[in-house]
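Chemist: Coordinates only, no sequence provided:
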């Protein structure tokens, strides 16, 4: 998309955008793009600094929470056998 036109931007929001642009010494356009990227979790990452923002992924959403009680119990039972300590291995 090449251009987006925003109309009726509230005065308070305009002031915040202009202030952030001045603080960052960037154009209003770049400031708005950065703010939009940050709001959706796709902002640029700064090298060498840990980024507190997380990018959201939804590719596994359909799998989340799909086990019933029986499946969860069977899984736990399987893990219980794997977690058993074999004393012979620790001699």
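Modeler: Okay, I see it. Fair warning: this is a prediction, and the values are worked out from it, not measured in the lab. Residues are numbered from 1 along each chain as shown.
Chemist: Give the burial count for residue 41, as a bare number.
Modeler: Residue neighbour count, defined by other CB atoms under 10 Å, stands at 12 for residue 41. The C-beta positions use only the backbone N, C-alpha and C, and glycine is treated the same way.
Chemist: how close does it get to residue 84?
Modeler: Between residue 41 and residue 84 the computed distance is 42 Å (CB to CB, to the nearest Å).
Chemist: Next: residue 42.
Modeler: In terms of CB to CB, residue 42 sits 45 Å off from residue 84.
Chemist: try residue 64
Modeler: In terms of CB to CB, residue 64 sits 29 Å off from residue 84.
Chemist: again with residue 76
Modeler: Counting by CB to CB, the gap from residue 76 to residue 84 is 13 Å.
Chemist: elements contacting the one helix or strand residue 29 maps to?
Modeler: Using DSSP states H and E, residue 29 sits in helix 28-40. Using 3 or more CB pairs under 8 Å, 6 or more residues apart in numbering; DSSP states H and E, the elements in contact with helix 28-40 are helix 11-24.
Chemist: Show the average pLDDT along the helix it packs on.
Modeler: Mean pLDDT, computed over helix 11-24, is 94.
Chemist: Output the below-cut-off pLDDT ranges for the chain.
Modeler: In the prediction, the chain carries residues with pLDDT under 70 at positions 1, 43-56.
Chemist: burial count for residue 33?
Modeler: There are 14 residues near residue 33, going by other CB under 10 Å.
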